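Student: Sequence first, then the predicted structure, then my questions.
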Amino acid sequence: MVPSSHRRKIVLTALLSCFWLLALGFGLRSLFSYENTPGATGKSPESWPTSSRIIRSADHYNLVMLAHPYCPCTRASVNELAAIMAQTQGKLSAYVLFLKPENSSEGWADTKLRRTAAAIPGVTTLTDLAGSEARRFGAETSGHTLLFDPKGRRVFNGGITASRGHAGGNAGESAIVALVNRGETGHSSTFVFGCALTEDKDAAN
């Protein structure tokens, strides 16, 4: 016969195991929900905004990404941008605009993320003071990417990752590569996964 004290230990162990599994399941569910919840998107212009200070190329497609320099999710978007540039082989002019709040310090936006983007061949990084360009392009979430054809018409609007912070093949990347290389149209818009461009982030990057 099993002693009552031993039975209590078995029951307690079983209960603790159940609670642990429930907590794990809840945590994984919350993480999955977070990773797959898209960010907000504003109203993006259907053609290149004439008020933008970026000089649009009339000979190439033009890509614009709006980014928060401290958003960890945007690392994946920058990695996907590198893949896009490698696949389009000089047919695309790309700009990544990094937010810099108006009253922030001089080097606030000089992060590892920005330096990674600047190292991609064919990509120009610029400072978006107080988010003025983000407003012109209708971007509210870091990683929001727009593609314009040589005539300045918007042909793609959205994100280039399949979920928050996850690099790899996705509809946005495929659509941009197909448009630039072959003029094919597919997904003209996708969800954007990233941090809000208005978030006051100051963690190391």
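Tutor: Sure thing, it's come through. Bear in mind the structure is a predicted one, so any value in this text is a computation, not a measurement. Numbering: from 1, shown residues only.
Student: Could you break the chain into its assigned domains?
Tutor: 1-35, 61-182 (automatic domain parsing).
Student: among those, which is nearest residue 51?
Tutor: Of all those, it is domain 61-182 that lies closest to residue 51, at 5.8 Å by CB to CB. Using the backbone N, CA and C atoms, a C-beta is placed for each residue, glycine as well.
Student: Quick one: mean pLDDT for the closest one?
Tutor: The predicted model assigns domain 61-182 a mean pLDDT of 95.
Student: Contact partners for the residue minimising distance to the centre of the chain?
Tutor: Central residue of the chain (CA atoms, centre = their mean): residue 143, 2.9 Å from the mean position. Residue 143 makes contact with 39, 65-67, 71, 73-74, 76-77, 159-161, 192-194, according to CB atoms under 8 Å, 6 or more residues apart in numbering.
Student: partners of residue 154 in the sheet?
Tutor: When bridges are called by DSSP bridges, residue 154 pairs up with residue 148.
Student: Spit out the contact partners of it.
Tutor: Contacts of residue 154 (CB under 8 Å, 6+ apart): 44-48, 146-148.
Student: Make CSV out of those and add secondary structure and distance to residue 109.
Tutor: Putting those into CSV (DSSP: H, G, I helix; E, B strand; the rest coil; distance: CB to CB, whole Å) gives the following:
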residue, secondary structure, distance to residue 109
44, coil, 23
45, coil, 24
46, coil, 29
47, strand, 28
48, coil, 24
146, strand, 20
147, strand, 24
148, strand, 24
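Student: In CSV: those, plus distance to residue 181 and neighbour count.
Tutor: Formatted as CSV, those follow (distance: CB to CB, whole Å; neighbours: other CB atoms under 10 Å):
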residue, distance to residue 181, neighbour count
44, 23, 18
45, 24, 17
46, 23, 11
47, 22, 11
48, 21, 20
146, 18, 23
147, 12, 25
148, 16, 25
